[in-house]
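*Asks:* Sequence plus the predicted model coming up.
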Amino acid sequence: MPMHLLLLFAAVLAAVGQMLFKAGAAGRTGLMEFVNLAVIGGLACYGLSTLFWIYSLSKLPLRVVYPYTALTFVLVYVGAFLVFGERPGLRGVLGVALVLAGLFLINGEPSSQHATVSRSAER
């Protein structure tokens, strides 16, 4: 699997985890009420996302991998609208567009530069 697809999948898993946290927290007030299937599923998504993230860090420079965290913000924003019916505002939509533009600008360079692993990762 190409590394950028793996990073995209990791971002999707993190966003799904966040939405599961939201679903698991809805209407709950007592501490033990937060231990439920949705929250446990969210933790599982986060855990798997973290494994993919760490694997990606072993193959690509940090400067390439890290911007994908911003993609998680975009996915959560869109998911909040699609899943929970939260209304997006104009400023939020513009913010999403800016984040996506930034991700493209940072990672839109030729892929040969991405294949270079930093010296610290080679050790």
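*Replies:* Structure's in. What do you need? Predicted model only: the values in this text are computed from it and were never measured.
*Asks:* So, low pLDDT: which residues of the chain?
*Replies:* Counting by pLDDT under 70, the ranges of the chain that qualify are 109-123.
*Asks:* That one: strands as residue ranges?
*Replies:* Taking DSSP state E, the chain contains no strands at all.
*Asks:* So which residues of it form helices?
*Replies:* Taking DSSP state H as the test, the helices found in the chain are 3-25, 37-59, 62-65, 68-84, 90-107, 111-114, 119-122.
*Asks:* How far away from the center of its chain is the fifth one?
*Replies:* The reference is to helix 90-107. Distance of helix 90-107 from the chain centroid (Cα atoms, centre = their mean, to the nearest Å) equals 14 Å.
*Asks:* List the buried residues in that helix.
*Replies:* By 16 or more other Cβ atoms under 10 Å, the buried positions in helix 90-107 come out as 96, 99, 103, 107. The C-beta positions use only the backbone N, C-alpha and C, and glycine is treated the same way.
*Asks:* what does the third one give?
*Replies:* Applying a neighbour-count criterion of 16+ other Cβ under 10 Å, one finds 64, 65 buried in helix 62-65.
*Asks:* For it, name the packing helices and strands.
*Replies:* Helices and strands touching helix 62-65, by 3 or more Cβ pairs under 8 Å, 6 or more residues apart in numbering; DSSP states H and E, are helix 37-59, helix 90-107.
*Asks:* now it, how far from the chain's geometric center?
*Replies:* Its chain's C-alpha centre and that of helix 62-65 lie 14 Å apart, by Cα atoms, centre = their mean.
*Asks:* now swap in the fourth one and tell me
*Replies:* Its chain's C-alpha centre and that of helix 68-84 lie 8 Å apart, by Cα atoms, centre = their mean.
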